[in-house]
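Participant: Fold the stuff below for me.
(chains A and B)
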Amino acid sequence: MYKIYTKWFCTPSGYGAKQRIIMRVNLIAILFIVFLMQVSANSLAQKVTLNYKEASLKEVFNDLKKQTGYKFLYTHEMLSEARKVTITITDAPLREVLADIFSKQPLSFSIEDNSVVLKRKTLSLIDRLSSFFKQDSLLFKGKVLDEKGSPLPGATIKLKGGTKASVSTGTGYFERYGTLKSTLVVSYLGYLTQEISLNGKDPDRLIIIQLSPGQNQLGEVSIVSTGYQDLPKERATGSFELITKEQLQHSTSPNLLRRLEGITTSLDFRNDLTPTSPTKQTGINAKPLLSKLTIRGKNSLSTAAVAVTGQANTSGYPLVVIDGIASVDPLDIERLNPNDVENITILKDAAAASIWGSRAANGVIVIKTKQSGFNRPARISFSSNIDITEKINLFYKKQMTVSDYIDAQKYAFPFDYPDPVGAPDLIQAQPMMSPVAEILNSQRNGAITIAEANAQLDALRGNDIRRDLTKYVLQNAVTQSYDLGVDGGTPKVAYRLSAGYNKSIAGAVGTESNRFNLAYNVTLKPLKKLTITAIANYSKQNTTAPGTNEILDLGSAVAAPFYPYTRLADDQGNPAIVPNLYRPAFLDLLESTYGDKILNLRFKPLENIQEGYSKTTSYALKFNTTAGYQFSKDLSVNVTYSYNKIWSNNNGLDRQNSFVMRNMIDQFTDPTTLERHIPLGGHYTPQSTESDNQTFRGLLNYNKSWNNKHDISAIAGVDVAQSRALNRTDEYYGYNEDKLTPGHPLDPSYFNLLFADQDGTAGASIPLIDNGYYKTISRAYSLFSNIAYTYNKRYTISGSIRKDASSAFGIGTNRTGKPFYSAGLAWSINNENFYNLSWLPALKLRATYGYNGNTNPAATTNPLLQYSDFKEKNQLYYAFLVPNFVTNRELRPERTGVFNLGLDFGLKNSRITGSIEYYDKQTKDLLTSNLTDPTLGYNHLTFNTGNLHGYGMDMTLNSNNLTAGRFNWTSSFLLSYNRVKVSKLYVSTPQTAGYAVGGGGNFYTEGYDLNRLFAWKWAGLDPATGDPRVYLNGKAVTINGTDLNAINALNDAPISELHYMGSAVPVYFGSLRNTFTYGPFALSVNLLYKLGYYAIRPQSDLALYSSLFGEFGHNTLLGAEYANRWQKPGDEAFTNVPSLVYSPGNSTRDGFYQNSDINVYKADHIRLQEINFSYALGKSKWVLKNPRVFANVNNLGIVWRANKLALDPDIYDYPVPRTYSFGFSANF
Amino acid sequence: MYKKMKKTYRIKISLLLALLFGSCQKYLDVTPTTKQSFITTADDCQLLVDNYTVMNTGFSSDAQASSDDYFLTDSYFSASSALSQEDKDIYSWKPTAIRQLAASQWQTPYQSVYFTNLVLEAVDKLKGGTTDPTTLNALRGSALFYRSFVFWTLAQQYIKPYSTTTAGQDPGIPLRTSSDMNDVYGRGTVQQTYDRIVQDLQEAASLLPATSVVSSRPNKAAAYAMLARTYLSMGNYAAALTSASSSLAINSQLLDLNTVSQSSNTPFSPRFSNKEILFQAVMFSSPLLSAGSASNAVARINPDIVGLYESNDLRKQVFLKPNRTSAILSDGTISLPDGTYRFSGNYEPVTSGALFVGLATDEVYLIRAECYARAGNVNAAMTDLNTLLSNRYVTDTYVNMTAADAADALSKVLTERRKELLMRGLRWTDLRRLNLAAVRMNRAITFTGSSENPIRTETVTATYNLNPGDARYTLLIPKEVINASGMVQNAR
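Facilitator: Below you'll find the predicted structure:
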């Protein structure tokens, strides 16, 4: 508020004039501060007693205020220039005491009424002249601004070579005594350090210093956090990577995790696991992004099993710590408002992460949210942006033509329907035939002539469902974001309040979401040694998606009933009827027989998509409070309590008009009485989960420095945590939205169906979903300690230990947890006396070793029984076993030993700074799903399967390439090298070709990469039949799909019969960001690369005939290579595409072709990930401060790829479409 | 003052820590959810064995699929997308016919074995506790019964027919009797397999209650019936006779087919309403065995059997339904009966391949009749047969059968067995134990001419033969099992 005030009265008349005006305005401002500081006057005692040594002026004022009731009026800027006070005085008059104190200060005072008003001492002309001639101790004043031109409070300003430092105030203002020969060094966390020569500077003019953001500057006071403890990076032994809020601004994604891509080493986003198709991304099937992220490769693998009902097993995910509290819900990080984040530290090695013990094996992401500082004027910041994403390109997949597809269906017709399909009867449903088959059947039955049939077929050839989907279903995705933040602080209260709102429309109709975030953060200092921090966070998220039974799914857009030639709308754009489930002739019969006694069973996909929804609403409330008490200079204790509550509702509705409901209601209509057993209306399924997580922590901190040579920093603490959840599911048939009347209780008995279904089932009970009400609970208890000792700023040793006990391991196994420990060494070589490389002023070597664990609830020593909510067919309640949990008395928890070696360096003038780290990880007793003897009743189970060996390197290089006037060019190069191999397997699974090929599933191969790719050695096509052939013992073996002997011989062959292609995940990956600034313009371009790996061509590009045919087959378009298939002897000379065979459901022949080395390609690629442009409007005199506009383009596409097939290896289905963002931000 | 404060705080903190340490174990011993639990009570055990899907369905189907109860048309066999190459190999008795995956034939049945072992282990722990011993006995009896039922079904499919001379050497099936995944069980011998089944069934019969609330739960009558079936498959007719009598002494109810719909494709519905059923069990729904519908029939009944039913035998209408085909004739397409029949007598009310393979009193009557005949007790044999058949014919039209001698009686019983126990998962065992040859023919049925005078032509397109004692009477164990366990494969 103070800030606003001064600015409103500002007149633009040069810096000097401005300074004077500020002084005048100060008085008015002071009156406001009076209210802010809530200083009150109660007594008028004039005599005071003081006893202070090296105390701050503010401390003394507070004391005086108590003793006299006098108010002290000053600005924070004044106090920041004040010197320490040492005074011992008894029963002296106030004026005398004040005179004493102010004699040593650069301030003067006056007493007005009951107030002491402070003023800066103004230097007399003579003073100035004398100091000028002395060429010494000139008082230089200046302002530190960030890259946007906003004031940067808290920057450190030193004289080069000097020890004393000033800190910039809330307005970025600083003062520093110096000579005209000296150089100012200005540094700030996350910014490139600047040096400013004072030569020729006028002490009367403000020196404006604009800092530009930079990364991980060595030699600065970068503070990294383990979540328990903040450490100066220079004293850390472990592998920490710090990401600042400025770095996070490269993207406008509302998802914080997404913003980490491209700015960190060692984080690999497995984008090939995430569907791009907008119909696959929302609803209950959306998997948390955290599950697709690896930090230094995978160390633990079980993500398949569900640990506790309703909760996914998050073991194998990186651990996320938000404001010191380990988060339980993997979606927590996605709920955060990225604009509330101050910084993120990624913990990679044992010394950094093992403090998190049994959850640290996959790396830890520590997030700190923004807090305000004390004594900081209120500031309002605002930003808004809009992101527009193009439609996905359904034509990306290179597929056969629709006309070819129709011809293939013609070819298949006599096989699919060897017998003519006759008229339907009422007793049993007649399943749908493809429209092509209907035409051909009519022709065969003599209903139409060959010419008529061909004409009808030709009419279909021009259709393409992808065009209709693009037109009627896809849309541009739009996200709007708004953010507002207020922060500030008085001497005793620092606060920050922020609100954020996002609204998104997804890339397909019917899906939209929004999120609202509110964060409040306050730090209080009620007593001198007591600090209380409270963080309250509220978020609300809404998602609306089409109903879960909606089948208009782009992922299967070309699967039945949507044949590729299906039209979704007629020429006028009206929704068209598409055959679904039943033959139209059967529906004709039903309609003519039952008339309006039953519901219409025609299906219009474009209408159906509106006839249901799946709405998810989640509210998350987080409250986190820490009280810290400083017992002495060295010892403090923190007590933290965190409470996190999430309410989540998923309400699903299929309206009466949805196909699924019309079908169900009709089926449960009595064939004789036509009585409906399911009432008319919708099917409504409200599901809710209410969960809370509580953490209580006691933490002792000990920090001591002595003799300027020894530094000890230690913590020890205890964590007690509990998470609970209440889950509830209901369902109502006959649901009426308008009247809100849920249906009647259903009759559970067995009914005769109106007609038997395709399997001939003529009767059934009304299907019920798994509903009910249940609770889950898990508790954990941990003891931990971490200690670091630094000698002479050169040598640091560190150690940590943690012991975890958790109820998640299951009864009887809680007690077996071994402690996790780590040890580390760091050597700051540049601080050695002998070190004199002036071109390399920063050099530090680090080495650590330790153990991390992984709490994996996917296995217990005893099976877990789960009670069912409803009755079995035998009308009895029952229980089943939670999949994957069997009796295993030899179960052992897994442990990962991590060795890390790091080198940090910085060239002169920060020309190049960076670090290189090498690591080696050994995971013992890896708990993962692997093959077992099916005689157990399970053919794969989660158990101690083997050992892994992971190793790799992370490299960060930041360079300042060119500075010329207002132009500046910096680069940041990130490189990660990672390899994870299976060093030992305990299971006796035969290591045969059949299990290893394709690198699929749960099969691992000892001695090879964990994610590896084996392929058959392709031997060309059989010259006689066009069947695929692969080599076995040097001889070409033909696979015709029916000779199972040949296939078995191949599958049983040793692995040496396969072609080992290499790793199936990137071995080298990283990014290169170039940033160019010219005055207020900034442009940055980021390239991402993934190298050294292989991929199999996507199924959609291949001619795999088993998915082309079949009465109830997949009916998918094959790859465009279909046109080049083998058709006659001799073709094998120029094609590898097998001949067309009618082989529905027989994927074996296809599999050999698909998994041959000819279909494996080198997946290396470089992608232009983003281009960011910003312009700081730069007139700081405006009411609107530091307005900045920016525009980003994301996902520009691949700029180089090793494959010549134009394939994007890093996608699941379709390339991620481009996103254009435009935004604006400003402060008041 | 600060020092003093420090001390008190230190004491308080250490007190707090001590408190937390002390109650740590108790704090952690929570069940993860109210929906889940470790198996600790008799109720838990009962809920496990009441899991109908695991305990009563999914029994191996390849033995029935290998039997000569049915055939496929040429067009279905060669073109249907529902059949895998493996299905076709099994159907055509290829010497190399083998399942790659264990799931349908081996693993699912062994999963119920796993359930029973868990129950047996839990019951052992509960013994001597507060739980009523009758409850524990019933649970132990159930578990033993279910396990034996699985072992017997697997034995019919994967181990050689029982022969007193070679049973001690022929490899058996793994007799998994504990739940721990670290325990390894080899194949053992045929003798050990049958010994285990017999011993467990005898104990089950002594522990189980006489009746159960629903036929998915085993009872004493079912245990004796299963014992009779087992002895019969071992050729121990005397013991089979005693067991069958014990079963019938408890439950001998038969269902009069006159009370059953003749038009329905699933006449024995709803499930659990058929009073003949002693124990409800259903096999894996094999695509080979699905009845299908009139115009989309799959498994068609062997014409040799169709010809055996007399006109007043209700089973002809209740068990068999005529199939139709759309024939393209010179004057158009019409729907015609094609002369084949599909099975509609499934005691499990579905038309899919999920056939009833449980125990029912009709089978027990037939077992006893056979044993009487083999023992030379012609009258008793014919009495049992007549009791059964009087419930199968149109009311008041059945004439009691008589037999000239024991051989005649036996032959009559075996014929009735074929007609009554059609598609009940028993024919393969009968072929094995009776040392018979099996023949199967694929047929093509076509119509020519006009709708006035359609001419039906039936041609045999493929014939498959299985001679008595053929090694193929023992199927190959799924490859996945051999790979994962390293156990010996059956001979070819």
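Participant: Quick check: residues of the stretch 651-800 of chain A near chain B?
Facilitator: By C-beta under 8 Å from any C-beta of the partner chain, the part of the stretch 651-800 of chain A that sits against chain B consists of A:698, A:700, A:718, A:720, A:750, A:756, A:759-763, A:772, A:774-781. Using the backbone N, CA and C atoms, a C-beta is placed for each residue, glycine as well.
Participant: Can I get the buried ones among those residues as something I can paste into PyMOL?
Facilitator: A single PyMOL command suffices to select whichever of those are buried according to 16 or more other C-beta atoms under 10 Å in any protein chain shown:
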select buried, chain A and resi 698+700+718+720+750+756+759+760+761+762+763+774+775+776+777+778+779+780+781
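Participant: Next step: the residues of the stretch 651-800 of chain A next to chain B restricted to strands.
Facilitator: Judged by DSSP state E, these include A:698, A:700, A:718, A:720, A:763, A:772, A:774-781 as members of strands.
Participant: biggest separation within those residues, which pair?
Facilitator: Within these, two members stand farthest from each other by C-beta to C-beta: A:Leu700 and A:Gly763, at 69.3 Å.
Participant: Now stretch A:1031-1050: average pLDDT?
Facilitator: Regarding stretch A:1031-1050, the rounded mean pLDDT is 90.
Participant: hmm, who's touching that stretch?
Facilitator: The contact list for stretch A:1031-1050, computed with C-beta atoms under 8 Å, 6 or more residues apart in numbering or on different chains, reads A:993-994, A:1016-1020, A:1022, A:1025, A:1027-1030, A:1053, A:1057, A:1141, A:1143, A:1146, A:1148-1149, A:1152, B:85-86, B:89, B:96, B:98, B:479.
Participant: Now A:Ser477. Its backbone dihedrals?
Facilitator: One correction, residue A:477 is Ala, not Ser. As for A:Ala477, its main-chain torsions (degrees, to the nearest 10) stand at phi -80, psi 140.
Participant: again, but for A:Gly1070
Facilitator: Torsion angles at A:Gly1070 (phi, psi; degrees, to the nearest 10) stand at phi 160, psi -160.
Participant: Now do the contacts for it.
Facilitator: A:Gly1070 is in contact with A:Thr265, A:Met955, A:Phe973, A:Leu974, A:Leu975, A:Ser976, A:Leu1088, A:Tyr1089, counting by C-beta under 8 Å, 6+ apart.
Participant: Mind putting the ones in strands among the residues of the stretch 651-800 of chain A next to chain B into TSV with pLDDT?
Facilitator: Rendered in TSV, the data for those read as follows (pLDDT from 0 to 100):
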residue	pLDDT
A:Gly698	93
A:Leu700	94
A:Val718	92
A:Val720	91
A:Gly763	78
A:Gly772	72
A:Tyr774	80
A:Lys775	83
A:Thr776	80
A:Ile777	83
A:Ser778	81
A:Arg779	84
A:Ala780	84
A:Tyr781	85
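Participant: Can you tell me which of those is nearest A:Gly652?
Facilitator: A:Gly772 (16.1 Å).
Participant: Tell me which residues touch that closest one, please.
Facilitator: Going by C-beta under 8 Å, 6+ apart, A:Gly772 touches A:Arg728, A:Thr729, A:Asp869, B:Lys35.
Participant: Give me the buried entries from the residues you listed.
Facilitator: When neighbours are counted using 16+ other C-beta under 10 Å, the contacts of A:Gly772 contain these buried positions: A:Thr729, B:Lys35.
Participant: Show me which of the contacts of A:Gly772 is closest to B:Arg140.
Facilitator: Distance to B:Arg140, by C-beta to C-beta, is smallest for B:Lys35 among the contacts of A:Gly772, at 26.5 Å.
Participant: State the pLDDT value of that closest one.
Facilitator: B:Lys35 is assigned a predicted lDDT (pLDDT) of 73.
Participant: who touches it in this structure?
Facilitator: A:Thr309, A:Gly772, A:Tyr774, A:Lys775, A:Thr776, A:Gln866, A:Tyr867.
Participant: I'd guessed A:Leu426 sits against A:Thr593; true?
Facilitator: Yes. Between A:Leu426 and A:Thr593 there is a contact at 6.2 Å, judged by C-beta atoms under 8 Å.
Participant: Of these two, which one has the most company?
Facilitator: Each of A:Leu426 and A:Thr593 has its neighbours counted (other C-beta atoms under 10 Å in any protein chain shown); A:Leu426 has more, 14 against 10.
Participant: Okay, and the more buried one sits in which element?
Facilitator: Here A:Leu426 sits in a region with no helix or strand, counting by DSSP states H and E.
Participant: need the contact list for it.
Facilitator: Taking C-beta under 8 Å, 6+ apart as the contact definition, A:Leu426 lies against A:Leu589, A:Leu590, A:Thr593, A:Pro671, A:Phe755.
Participant: Tell me how far A:Asn657 lies from A:Phe943.
Facilitator: 49 Å (C-beta to C-beta, to the nearest Å).
Participant: Tell me which of the two has more neighbours.
Facilitator: A:Phe943 (25 against 16).
Participant: Is that one part of a helix or strand, or is it coil?
Facilitator: With DSSP: H, G, I helix; E, B strand; the rest coil as the basis, the three-state label of A:Phe943 is strand.
Participant: Repeat that for B:Arg229.
Facilitator: With three-state DSSP as the criterion, B:Arg229 reads helix.
Participant: What's the local residue count around the residue of the stretch 151-300 of chain A found nearest chain B?
Facilitator: When distances are taken as C-beta to the nearest C-beta, the stretch 151-300 of chain A approaches chain B most closely through A:Tyr228, which lies 16.4 Å from it. Residues within reach of A:Tyr228, counting by other C-beta under 10 Å, total 24.
Participant: got a list of what it touches?
Facilitator: When contacts are taken as C-beta under 8 Å, 6+ apart, A:Tyr228 is in contact with A:Gly324, A:Ile355, A:Leu699, A:Ile715, A:Gly717, A:Phe784, A:Asn786.
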